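**Student:** need the 3D shape of this:
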Amino acid sequence: MMNWFNGHTNRFSCLVNHDGIFDTKNGYYTTEELYFPEHEYEGVPWDPKAKENYERWNPANFVQNWKTPTLVIHSNKDYRLPITEGLSTFTVLQRKGIPSRLLYFPDENHWVLKAANSQRWHKEVIAWINKWTAEPKKSDRNDDTLIFETSQVCI
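**Tutor:** Below you'll find the model as predicted:
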């Protein structure tokens, strides 16, 4: 959904894309769960009517509109949304010069369940949101200088 938002609105200060879909057609061919795409897009990608739906709702078709800073989180063992979906998203963001970070969990599936990984996930998400949504505060100085208080996290 975040990739769809990025291609269709600039209303958000930032996005957090957790194991998101980049390309609906490629997603169909690489998933082990076919019920959802066949149900949502009304068939298989080679059927003419369904093909229109796959194209219409494909986030990859709207990357030219992407502008929003995005934290991309992806897990290697998410077989419904393979790592290529996250890497494709991150590649577009980087090549377009859009502020972005990739947080990769090689040992998790769609749900980040290991305690240390869960802590890292929450720390990264909160830091990203704080970085892009922090309210400017007047400094203690007597001038009109604004400062931003944000969390900085380096991987």
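
**Student:** ok, and the closest non-adjacent residue to the residue positioned nearest the centre of the chain?
**Tutor:** Nearest residue to the geometric centre of the chain (CA atoms, centre = their mean): residue 17, 2.2 Å. Spatial nearest neighbour of residue 17, chain neighbours left out: residue 2 (3.9 Å); criterion: CB to CB, 6 or more residues apart in numbering. (Glycine included, C-beta is placed from N, CA and C.)

**Student:** hmm, residue 16 and that neighbour touching each other?
**Tutor:** Yes: under the criterion of CB atoms under 8 Å, residue 2 makes contact with residue 16 at 6.8 Å.

**Student:** what's next to stretch 54-67, contact-wise?
**Tutor:** For stretch 54-67, contacts defined as CB atoms under 8 Å, 6 or more residues apart in numbering pick out 3-4, 6-8, 10, 20-26, 28, 37, 40-41, 45, 88, 92-93, 96, 98.

**Student:** of those residues, which belong to strands?
**Tutor:** With strands defined by DSSP state E, no entry of those lies inside them.

**Student:** out of those, which end up buried?
**Tutor:** Buried residues within those, counting neighbours by 16 or more other CB atoms under 10 Å: 3, 6-7, 20-26, 28, 37, 41, 45, 88, 92-93.

**Student:** which helix in this structure has the most residues?
**Tutor:** helix 115-133 (DSSP state H).

**Student:** could you pull up the residues touching residue 103?
**Tutor:** The contact partners of residue 103, by CB under 8 Å, 6+ apart, come to 71-74, 120-121, 124, 155.
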